[in-house]
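A.B. asks: A structural model of the following input is requested.
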Amino acid sequence: MRILMACAAFPPFIDGGGPISAMIVAKLLRAAGHDLTVVNVSGEDKHESYDGVPVHRLRSLNIDWNYRLPRPAWKKAIWHTLENFNPRAFFVMRREIRRLRPDIVLTDSIENINVASWAAAKSCDVPVAHILRSTFLLCWKGSMWRGGDNCGRACGSCQATSYGKKLNSRFVDAVIGETDFIIGRHTEHGYFPNATTHAIPGAITPVSGARPRPVPSADRPLRIGFIGVHDPIKGLDTLAAAAHRLIGEQVEFLIAGTGQSDYAAALPGRFPAQNTRFLGWTRPEEFLPQVDVLAVPSLFREPFGRVVIEAFAHGVPVIGAKSGGIPETIQPGVNGALFAPGDDAALAAGILDLARDHQLVARLSAGALAAAGRYAPERIAASYGAVFDALVRKPAAGTLLQPGEARP
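C.D. replies: The predicted model follows:
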């Protein structure tokens, strides 16, 4: 099948997990035999092959493309306004669709490449599937986090400034989320009224030589790990409070990752020095073999929580917060444990149970490694393929072709 994959961002530009996830999807679909070309926005117009994936990089379709850089308020306002429907994006993406003649257009996130891409595909009578990575379509910040807490629903200002995104979502034929949670966040607000919905998790490549961990040695502390950005939304204060509760127990905390804020700089002082080590920036494949259990205490409602399946691939069980999509991955008593977000007493109690029953840690390790098989690339690629096959077989309806205009 010929696929045009339009991405908000794609490596080597990496502003978080989104571009990496897009790269994973592109590579697994090509490995499954699909003829896939990526189209994304960058600072220049060029065709290239990136790690075996053909990519056409377009110059910015909006007033700029790198929305992570500081911008004046007026420029931010224009950027967000155009993200509701950008006429230039419509015509450029329709040109790309006619040039590549895909069987399907797959959008992986939508910033910069624009919701107008959906209308462009519909005008060419090409079915559209969209992958949700965040709540950008609902919230101009893409997080639904405000004032130190999660938003129950999109606020009035976000709904008003996202109306065009919601309107254009009617052109999407299938919406794919890594969890039911992230799909539900959108459908409960009336997005994607004409789309089928599909929960397809992220893929993780099996770790060579990974096997269930043996029972942790009784002569050393149980090692609880955290890896990620050092930000309050990740629940690090909850983990720090749990660490204080466990002073004197056979438990050690290993904290990996970095941050650029004053909060990150002060973070070591929040943890007890006697049972915590800060490792700085560390690659997951180097960090995970060092820990017995991974803690994912996020306060933020994570759309998926990729770090969970990364841990599973190494045979590391996870104790995670019941936040966002995280509970859809962790099975208590099988590959980890769950606790209420922000409840440091419950987190400490769960860790203490593991510290006092190393046989349980070994059983959960075996369960974690078995669970990783659900996220094998070939299995995830087959799930995408089933969605695409159904769309291509579905009769087209309601296109935007002009009278007398030929189909591509």
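
A.B. asks: ends of stretch 220-231, how far apart?
C.D. replies: Using Cα to Cα, to the nearest Å, one end of stretch 220-231 lies 29 Å from the other.

A.B. asks: is it true that Asn114 touches Phe85?
C.D. replies: Yes: contact between Asn114 and Phe85 holds when scored by Cβ atoms under 8 Å: they sit 7.5 Å apart. Placement of C-beta: from N, CA and C, glycine included.

A.B. asks: the nearest residue to Asp35 once chain neighbours are set aside and Val392, how far apart?
C.D. replies: Distances taken as Cβ to Cβ, 6 or more residues apart in numbering place Arg2 nearest to Asp35, at 4.6 Å, with adjacent residues excluded. Using Cβ to Cβ, to the nearest Å, we find Arg2 at a distance of 10 Å from Val392.

A.B. asks: residues near Trp281, how many?
C.D. replies: Trp281 has 9 neighbouring residues, counting by other Cβ atoms under 10 Å.

A.B. asks: correct me, but it touches Gln260?
C.D. replies: No: between Trp281 and Gln260 there is no contact under Cβ under 8 Å: 11.8 Å.

A.B. asks: overlap of the contact sets of those two?
C.D. replies: When Cβ atoms under 8 Å, 6 or more residues apart in numbering defines a contact, no residue borders Trp281 and Gln260 alike.

A.B. asks: quick check: buried residues in stretch 356-372?
C.D. replies: Residues of stretch 356-372 classed as buried by neighbour count (16 or more other Cβ atoms under 10 Å): 358, 360-369, 371-372.

A.B. asks: so of the residues you listed, which ones are in helices?
C.D. replies: Those of the buried residues of stretch 356-372 mapping onto helices are 358, 360-369, 371-372, per DSSP state H.

A.B. asks: ok, back up a step: could you save the buried residues of stretch 356-372 as CSV and add columns showing pLDDT and distance to Arg95?
C.D. replies: Shown next, in CSV, are those (pLDDT from 0 to 100; distance: Cβ to Cβ, whole Å):
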residue, pLDDT, distance to Arg95
His358, 93, 61
Leu360, 96, 58
Val361, 96, 56
Ala362, 96, 57
Arg363, 97, 56
Leu364, 98, 52
Ser365, 97, 52
Ala366, 97, 52
Gly367, 98, 50
Ala368, 98, 47
Leu369, 97, 47
Ala371, 97, 44
Ala372, 96, 42
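
A.B. asks: could you look up the SS state of Ser49?
C.D. replies: Of the three states, Ser49 takes strand under DSSP: H, G, I helix; E, B strand; the rest coil.

A.B. asks: for it, give me its contacts.
C.D. replies: Contacts of Ser49 (Cβ under 8 Å, 6+ apart): Val55.
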